[in-house]
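K.L.:
Sequence first, predicted coordinates after that:
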Amino acid sequence: MKRLSLIALLIFFTNCNAQNNKKMNTIYDYKVEDISGNEFDFADLKGKKILIVNTASKCGFTPQFDGLEELYQKYKDQNFVIVGFPSNDFGEQDPGSNEEIAEFCKINYGVTFPMMSKVSVKGDSIAPIYQFLTQKELNGKKSSSVKWNFQKYIINEDGTLQDYFYSITTPDSKKITKWIEKN
């Protein structure tokens, strides 16, 4: 009986140790398609702080494109980048093609930060990058769900999830700018 208990205890501790040594993903493990159809490898952003935002062209929060572009221009030379992911998941507020979305963003808001191809940010067809952002099992930090367009996720220089902010948090909020400016 003692031997069986010892074996069970050994198996338990081995499993616990294996879980503790399990490597969490980083953003650098992901490749996506940009809005022009080219591969975008997050590993190319190593050492940068990254703000990821799901966007929509016909949303009450769409004017945040202005604030996002201003933020990008202000900090892009300080190891910071914004990556936008158009999504049609909320109220069908981004029904256009990638080409139409790119043109809309450029003409109406002068967007120069990287925009990716349209993805799903929730539900059964959620994109792998958003699985990483929203599932603690993958990001090692916390679970969340994307509640609406222009939800923001911030990623540290080591590729790990730091936090997220709902749509009402503007791009120039102190929460975001303090994080960018923090060494």
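P.N.:
Cool, got the structure. Residues are numbered from 1 along each chain as shown.
K.L.:
Next, Val83: secondary structure please.
P.N.:
Look at Val83: counting by DSSP: H, G, I helix; E, B strand; the rest coil, its state is strand.
K.L.:
Next one: it from Leu45, what distance?
P.N.:
Distance of Val83 to Leu45, given as CB to CB, to the nearest Å: 8 Å. The C-beta positions use only the backbone N, C-alpha and C, and glycine is treated the same way.
K.L.:
Quick check: neighbours shared by those two?
P.N.:
Among the neighbours of Val83, none is also in contact with Leu45 (CB atoms under 8 Å, 6 or more residues apart in numbering).
K.L.:
Pick out the residue closest to the middle of this protein.
P.N.:
The chain has Ile52 as the residue nearest its centroid, 4.0 Å off, counting by CA atoms, centre = their mean.
K.L.:
can you confirm that residue is in a strand?
P.N.:
Yes - according to three-state DSSP, Ile52 belongs to a strand.
K.L.:
Contact partners for it?
P.N.:
Ile52 sits next to 82-85, 129, 133, 152-155 when contact means CB under 8 Å, 6+ apart.
K.L.:
List the beta-bridge partners for it.
P.N.:
Listed by DSSP bridges, the beta-bridge partners for Ile52 are Val83, Tyr153.
K.L.:
can you map out the helices along this structure?
P.N.:
For the chain, the helices defined by DSSP state H cover 2-20, 64-75, 98-109, 128-134, 136-139, 174-181.
K.L.:
so what secondary structure elements neighbour the second one?
P.N.:
Contact partners of helix 64-75 among helices and strands, from 3 or more CB pairs under 8 Å, 6 or more residues apart in numbering; DSSP states H and E: strand 49-55, strand 80-86, helix 98-109, helix 174-181.
K.L.:
Can you mark which positions in the longest one are buried?
P.N.:
Meaning helix 98-109. 98, 101-102, 104-105, 109 (16 or more other CB atoms under 10 Å).
K.L.:
Now for Gly60, how many residues are close by?
P.N.:
Gly60: 13 surrounding residues under other CB atoms under 10 Å.
K.L.:
ok, it to Phe90 distance?
P.N.:
Using CB to CB, one gets 11 Å for the distance from Gly60 to Phe90.
K.L.:
so where's this protein shaky on pLDDT?
P.N.:
Scanning the chain for pLDDT under 70 picks out 1-24.
K.L.:
correct me, but Tyr164 touches Leu133?
P.N.:
Yes - Tyr164 lies in contact with Leu133 (CB atoms under 8 Å); the separation is 7.3 Å.
K.L.:
List the buried residues in stretch 164-183.
P.N.:
Buried, per 16+ other CB under 10 Å, within stretch 164-183: 164-165, 167, 169-171, 176, 179.
K.L.:
Sorry, slip of the keys, the one I care about is stretch 132-147.
P.N.:
132-135, 138-139, 141, 144, 146.
K.L.:
In those, find the pair that's most separated.
P.N.:
Largest separation among these by CB to CB: Lys141 and Val146, giving 15.6 Å.
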